[in-house]
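Participant: what follows is a predicted structure for the sequence shown.
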Amino acid sequence: MSKLSQKTFDRVCENILSVLYERYPIPVSALELSEELARDNEFVSRVLVYLQGRKLVERVETGKSGEPYEKWVKWKLSKNVKNSYDALAKRGL
């Protein structure tokens, strides 16, 4: 597997944040993100964990078919990041 440059990794992070911003407040699974960005699901999952560590995204766990023991992890933009994006959009940046 080839190694990504930091610039490419940052661009993928920006793309993920952009998709999450567009769909806010609806949580999105890593699979949906990987299909949207044409990236590997495992890679997108690792990027999401990285973004979670930086407090840019939040993890939302939901049960499948009402069964609490089966969990699907979905992600959404953190409220602070959403407010920052909204402030930038208001200023026209």
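Facilitator: Sure thing, it's come through.
Participant: heading C-terminal from the one helix or strand in the chain whose mean pLDDT sits lowest, find the next helix or strand.
Facilitator: The weakest-scoring helix or strand in the chain, judged by mean pLDDT, DSSP states H and E, is strand 67-77 (a mean of 73). Using DSSP states H and E, the helix or strand that follows strand 67-77 in sequence is helix 79-91.
Participant: list the contacts of the most centrally placed residue in the chain.
Facilitator: Nearest residue to the geometric centre of the chain (C-alpha atoms, centre = their mean): residue 16, 4.9 Å. Residues near residue 16 by C-beta atoms under 8 Å, 6 or more residues apart in numbering: 33, 37, 44, 47, 48, 51, 57. (Each C-beta comes from the backbone N, C-alpha and C, glycine too.)
Participant: who's in contact with the fourth one?
Facilitator: It stands for residue 47. Counting by C-beta under 8 Å, 6+ apart, residue 47 has contacts 9, 12, 13, 16.
Participant: now do residue 53
Facilitator: Contacts of residue 53 (C-beta under 8 Å, 6+ apart): none.
Participant: where does pLDDT dip in the protein?
Facilitator: For the chain, the stretches flagged by pLDDT under 70 are 1-2, 63-71, 93.
Participant: most widely separated two among the contacts of residue 16?
Facilitator: 37 and 57 (14.3 Å; C-beta to C-beta).
Participant: more crowded one of the two?
Facilitator: Shown here are residue 37 and residue 57; by other C-beta atoms under 10 Å, residue 57 has more neighbours (24 against 16).
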